[in-house]
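Asks: structure of the sequence below:
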Amino acid sequence: MYQKEQFKVLMEQFVSGEISSEGKATLLAMLDNPEYSEGFDAILRENYDSIEIPPVSPEATDKFISELRKKMDVSSEEDDSQSSVFSLFNWRKIVVAASILVVMGYGMHLFIQNKDRQSLQLASKKIEDKAPGKTGAILTLSNGSKIVLDSVGNGLLANQSHTTVSKKNGGLVYNADDNAQVVYNTMTTPRAHQYHLQLSDGTKVWLNASSSITFPTSFAVNERKVKITGEVYFEVAKDKSRPFRVLVNDMQVNVLGTHFNVNAYDDEAAVNTTLLEGSVLITEKSKKILLKPGQQAQKLKSGAIVVNDNVNTDEVIGWKNGLFYFENANLQKVLRQLSRWYDVEVVYEKGVPSRSFEGEIQRDLNLSQVLRILEKNRVHFKIEGKILRVMPD
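Replies: Okay, here's the model as predicted:
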């Protein structure tokens, strides 16, 4: 669902001429997928009437096909090569040429179905693998419009009720003036994505893959409240007059100024709130638990809350620091992390033994590299598209 939404947003940015170079690269890679051909044709037809179509010859059409194939092949080249290829056409020329193909009955599906498409087949001939996740998310503004953050450059993105939203150094920064009103935004990270932002009060937030945060662009005068899913790390700006509250399911985490991590994935056995600095008060119905640094509150599926002392915080926030950090972690826990970061579904064959893992692995490795490390513990894997198959020794 995220990819289709991303494709639509990128096409709209492309047609309007507002797409970034990163967005162009992403869009071009998506055009290699027949799943998007219908949406591509629809957007071209919407813009066809507003574009002056020049005379076209078979030679011109052949040239366009050749150039488009070259563009589709640039994903295997270096970034500087991409830039030079992208400069061959501006957006209007591409829409004109592509519109001609639609009218002539060619359509983008021609390139997808063409048996002689050598450049498109190049990627499929590579060894099956999965690249690591990347920085990216979708921001939903107060008016419902969406911005694909991995395809926009630095600078001002929106101004909502006297609060500006800007992209800076790979993250978002909110700045509210004295007349700012309380409206809400939501940031969502799909699988294989993570992102960070700074709220209008100065609080810094990091989202792991498959997570979300809903927050006001400017906080009220008496409190600061956000709602999350998945896994989120906070460095809360101190403000004694406005407590900071995090809502996760039916639990609330209350803080003034502190650093803490909340892991609330649905497929985990518990909601884990881990305190690194300061203090937090966890409330859930009639229960109230005050945490000290190094402690972790585990809310189990049964509703019980257990406090663990002397938790390894390096393991808890390894994801934020670019690491898979395992301390006596069983195979299932390890693979749940890999599933979210590499966007794969894990399938267990019969007879897979119980295993535990210790150590650190960089999160910027390809999946096959990570699996080779794990296989030293007498368990085997096979990557089949988006399926990660686990097999006994």
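Asks: quick one: Val352 is in a strand?
Replies: No: residue state for Val352 (DSSP: H, G, I helix; E, B strand; the rest coil) corresponds to coil; a strand is not indicated.
Asks: that one against Phe381, yeah?
Replies: No: using C-beta atoms under 8 Å as the test, Val352 is too far from Phe381 to be in contact (10.2 Å). Backbone N, C-alpha and C define where each C-beta goes, glycine included.
Asks: between these two, point out the one with more neighbours.
Replies: Between Val352 and Phe381, Phe381 has the larger neighbour count (other C-beta atoms under 10 Å), namely 18 against 15.
Asks: relative to Val148, how far out is the residue nearest to the spatial centre of the chain?
Replies: When the chain is reduced to its mean C-alpha position, the closest residue under C-alpha atoms, centre = their mean turns out to be His193, at 2.7 Å. When distance is defined by C-beta to C-beta, to the nearest Å, His193 is 10 Å away from Val148.
Asks: give the residues shared as contacts by the two.
Replies: Both His193 and Val148 are contacted by Gly136, under the criterion C-beta atoms under 8 Å, 6 or more residues apart in numbering.
Asks: where do the helices sit along the stretch 101-250 of the chain?
Replies: If you assign secondary structure with DSSP state H, counting those that start in this stretch, the helices in the stretch 101-250 of the chain sit at 109-113, 118-124.
Asks: what's the longest strand along the chain packed up against?
Replies: In the chain, taking DSSP state E as the definition, the longest strand is strand 224-235. Helices and strands in packing contact with strand 224-235 are listed as strand 204-207, strand 211-216, strand 244-248, strand 259-264; criterion 3 or more C-beta pairs under 8 Å, 6 or more residues apart in numbering; DSSP states H and E.
Asks: how about the ones you listed in a markdown table, adding distance to Arg340 and mean pLDDT?
Replies: As requested, these are arranged in a markdown table below (distance: least, C-beta to C-beta, whole Å; pLDDT from 0 to 100):
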| stretch | distance to Arg340 | mean pLDDT |
| --- | --- | --- |
| strand 204-207 | 12 | 98 |
| strand 211-216 | 9 | 98 |
| strand 244-248 | 17 | 96 |
| strand 259-264 | 11 | 97 |
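Asks: reformat these as TSV; add mean neighbour count and distance to Met391.
Replies: Putting these into TSV (neighbours: other C-beta atoms under 10 Å; distance: least, C-beta to C-beta, whole Å) gives the following:
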stretch	mean neighbour count	distance to Met391
strand 204-207	21	33
strand 211-216	22	30
strand 244-248	20	36
strand 259-264	22	28
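Asks: out of these, the one nearest Asn328 is which?
Replies: Distance to Asn328, taken as C-beta to C-beta, is lowest for strand 259-264 among these, at 16.7 Å.
Asks: report the strands that pair with the closest one, each with its relative direction.
Replies: Each strand that pairs with strand 259-264, with its direction, by DSSP bridges: strand 224-235 (antiparallel), strand 270-277 (antiparallel).
Asks: where does the stretch 251-393 of the chain have low pLDDT?
Replies: With pLDDT under 70 as the threshold, the stretch 251-393 of the chain has no low-confidence stretch at all.
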